[in-house]
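For reference, the sequence and a predicted model appear below.
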Amino acid sequence: MDMDIVAATPRAVALRLAVPGGLYHLPAPLDWRVTGPGLDRRGTTDRVVTALHDLPPGTALRIEVAGFAPLDLTTPPCAGAVTLDDPARAQAALDGLPDGGTLILPAGRWQVAPLLIGSHRHIYLAAGAELAAPGDRDGWPILTAAQGGSWEGLPEACHRALLTALDAQGITIAGPGRVDGGGARGDWWSWPKGTRSGARRARLLHLVGCRDVTVLGPTFANAPSWTLHPCHSQRLIFAALKVQNPPDSPNTDGLNPESCTDVAIEGVHFTTGDDCIAIKAGKRRDDGNGDHLAPTRDIRIRHCRMERGHGGVVIGSEMSGGVSDVQVSRCEMQDTDRGLRIKTRRGRGGEVARIFMTDCHLDGVETVLAINAHYACDPDGHSAAVQSRDPQPVGPLTPRIRDISLTRIRADRVRLAFAACLGLPEQPVTGVAIRDVAVTFAPAAPAVPLMADGLRAVSGAGLLSEHCVLTTDADLPSGPLTAKDFAPC
């Protein structure tokens, strides 16, 4: 068997050890060895996507893993390194690096003000290093809407992330250390939908208009809101990370690529207070204006583990710019509310198309596939304009969902339904295909499987759909979603 390189930075490499039956975890641990000039290191891994850290830059290495052909590689070069010794000088140290240089954070806790990362900069967090945000917002910088600040799909001022890059390229953030956003220490989680100092909550890592960025290895925790938020960016790799937020922390999504293209997400372990991965493409203003919109496409999600999130992989509800060509493969989802979730509503416009989920294992989820074109969001989310099941005129603000495929899916202990698909009567969901699935159900109290008005409470249901063209070879019972006596307000 051959091993593949997922990502390489000057001091860290992520490998893909694709073995039969390997999802996030390997079927059995494997021994590895790295050799090179003055280097002979050994270890064991239990993960398909395995990170090797503390490697010498610009060095020819040989990597050997039991059962695989040896891999020869040369780590990328480094133009010079500075080891941080004073957290108050972290920004100056970053700015003073030559192009291609690295700021190394050694073991210890480094509390810093929000940092701005320029092009061709590398950050390496050594084992035992923690980059931590302050516990209060005094003097916290604001990212204006004109600079790229946003909130839930609209341009809007927000507090700057602990790590921000604007119109930058050639950045890597790597190492086995930890990045702590201070959400649990500050007041961030007490005003989830509000503003303070005229701005929305901060992210933990915010990339705006960036290219060629690799994030490999660190743990990102305690985000003030969304954890990793690349926006209007391209050619991004997120590999062998951990994202950890408390289950009751509001809107602490794990990784939200918005209006991005060519994004690889591999070997990431999510435990969050909201969606694990939420793929977005902005939303129109109330007047229908969409001059800030751009599509999201070519998103590849492989060998990840999603735990305890509202959704494993979610698309929307901010999808007005269009989301297409998303591949989710060989992932594990444990105790998430939904597995694959697509949500939108009248007024969004845009299209969600060509979404493929293959060779995944879900355990203890409420609903494996949830498609909802009547998503009850925004102040008017429960109005008849959003919730009516009567056909409305089709126009540029009518969203479209098509070509959604689930293949070779194993779902154990499903609580509510395998699939719940609610399209618009004027624009039905089309091309939903479910093939080669194995399903078991767990006893559960009946509940509604989608965030829409007028739905029946269910448990242990098979395929529930309305205004949706769905084909399947699965032997699962089917039925409607909406209660017979439903009348929207």
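Great, that's in hand.

Now D436: which helix or strand?
Per DSSP states H and E, D436 falls inside strand 429-441.

swap in I123?
strand 121-125.

which secondary structure elements does the helix or strand bottoming out on mean pLDDT in the chain contact?
Scoring the helices and strands of the chain by mean pLDDT, DSSP states H and E places strand 478-479 at the bottom, with a mean of 92. Packing partners of strand 478-479 (3 or more CB pairs under 8 Å, 6 or more residues apart in numbering; DSSP states H and E): strand 461-466. Any C-beta I mention is one placed from the backbone N, CA and C, and that applies to glycine too.

now the strand it packs on against strand 429-441, angle please.
Angle, strand 461-466 to strand 429-441, by axes from the mean of the first three to the mean of the last three CA atoms, to 10 degrees: 160 degrees.

hang on, the earlier thing: can you list contacts of the least confident helix or strand of the chain?
461-465 (CB atoms under 8 Å, 6 or more residues apart in numbering).

Then stretch 438-458?
Residues contacting stretch 438-458 (CB under 8 Å, 6+ apart): 343, 364, 366-368, 370, 372, 374-377, 382, 387, 389, 409-418, 420, 422, 459-462, 464, 474, 476, 480-483, 486-488.

could you flag which of these are buried?
343, 364, 366-368, 370, 372, 374-377, 382, 387, 389, 409, 411, 414-418, 420, 422, 459-462, 464, 474, 481-482, 488 (16 or more other CB atoms under 10 Å).

May I have the strand ranked longest in the chain as CSV, with CA atoms only?
Counting by DSSP state E, the longest strand found in the chain is strand 400-414. C-alpha atoms of strand 400-414 as CSV (Å, rounded to 0.1, in the frame of the first residue of the first chain):
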residue,chain,number,x,y,z
ARG,A,400,-32.7,25.3,-5.3
ILE,A,401,-31.4,22.0,-3.9
ARG,A,402,-30.4,19.1,-6.3
ASP,A,403,-28.2,16.0,-6.7
ILE,A,404,-27.6,14.8,-3.1
SER,A,405,-26.2,11.3,-2.8
LEU,A,406,-25.6,9.0,0.1
THR,A,407,-23.8,5.7,-0.7
ARG,A,408,-22.4,2.9,1.5
ILE,A,409,-23.6,4.5,4.8
ARG,A,410,-23.8,2.6,8.1
ALA,A,411,-26.0,4.2,10.6
ASP,A,412,-26.4,2.6,14.0
ARG,A,413,-28.9,3.6,16.8
VAL,A,414,-30.7,6.3,14.7
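
Enumerate every residue touching the closest residue to A384 other than its chain neighbours.
Once flanking residues are discounted, A384 sits nearest to P488: 4.3 Å by CB to CB, 6 or more residues apart in numbering. Contacts for P488 were tallied using CB under 8 Å, 6+ apart; they are 382-384, 387-389, 453-454.

one step back: tell me which entries of the buried ones among the contacts of stretch 438-458 lie within strands.
343, 367-368, 370, 372, 409, 411, 414, 417-418, 420, 422, 461-462, 464.

Quick one: list the elements packing against the longest helix belonging to the chain.
Secondary structure of the chain per DSSP state H: the longest helix is helix 90-95. The elements that helix 90-95 packs onto, with contact taken as 3+ CB pairs under 8 Å, 6+ apart, are strand 101-105, strand 115-116.

Could you report the neighbour count for L154?
Neighbours of L154 under the rule other CB atoms under 10 Å: 16.

what's the spacing between it and E258?
Note on L154: its distance to E258, by CB to CB, to the nearest Å, is 11 Å.

Please enumerate the shared neighbours of the two.
Joint contacts of L154 and E258 (CB under 8 Å, 6+ apart) are G282.

Tell me the bridge partners for the closest residue to H122 other than its chain neighbours.
Distance criterion CB to CB, 6+ apart; nearest residue to H122, sequence neighbours excluded, is T102 at 4.0 Å. Beta bridges link T102 to A81, H122 when assigned by DSSP bridges.

Tell me the predicted confidence for T102.
As predicted, T102 sits at a pLDDT of 99.

How about I315?
Note on I315: pLDDT of 99.

for the one 5 residues further on, same thing?
In this model, S320 is scored at 98, pLDDT.

now swap in the one 3 residues further on and tell me
Turning to V323, the model gives it a pLDDT of 99.

With the one 4 residues further on instead?
Q327 is assigned a pLDDT of 99 by the prediction.

How about the contacts made by it?
299-302, 356, 358.

That one should be in a strand, yeah?
Yes: assigned with DSSP: H, G, I helix; E, B strand; the rest coil, Q327 falls within a strand.

between the contacts of Q327, which has the most around it?
Counting by other CB under 10 Å, top hit in these: I301 with 27 neighbours.

isn't that residue right up against D325?
No: I301 lies out of contact with D325 (CB atoms under 8 Å); the separation is 11.9 Å.

show me where pLDDT drops low in the protein?
Where the chain drops to pLDDT under 70, the residues are 489.

Quick one: the helices in it, in order.
Under DSSP H, the chain gives helices at 90-95, 384-387.

Tell me the buried residues in the shortest one?
Of the residues in helix 384-387, those buried under the neighbour-count criterion (16+ other CB under 10 Å) are 386-387.

Give me the contacts around it.
345-347, 374-376, 380-381, 392, 452-454, 488-489.

Repeat that for the first one.
The set of residues external to helix 90-95 that reach it, using CB under 8 Å, 6+ apart, is 82, 84, 103, 110, 112-113, 115-118, 121, 123.

What residues of it count as buried?
Within helix 90-95, the residues that qualify as buried are 90-91, 93-94, counting by 16+ other CB under 10 Å.

Bridge partners for the closest residue to Q111 other than its chain neighbours, pull those for me.
Spatial nearest neighbour of Q111, chain neighbours left out: A132 (4.6 Å); criterion: CB to CB, 6+ apart. In this entry, A132 is beta-bridged to Q111, D180, by DSSP bridges.

how far away is A132 from A79?
27 Å.

The two - which one has more neighbours?
Taking neighbours as other CB under 10 Å, A132 and A79 compare with A132 leading, 19 against 15.

show me what contacts the more buried one?
Counted by CB under 8 Å, 6+ apart, A132 has contacts 109-112, 179-180, 182.

give me that answer again for 6 Å
Contact analysis of A132 by CB atoms under 6 Å, 6 or more residues apart in numbering lists 109, 111, 180.

Of those residues, which qualify as buried by neighbour count?
Counted by 16+ other CB under 10 Å, the contacts of A132 give D180 as buried.
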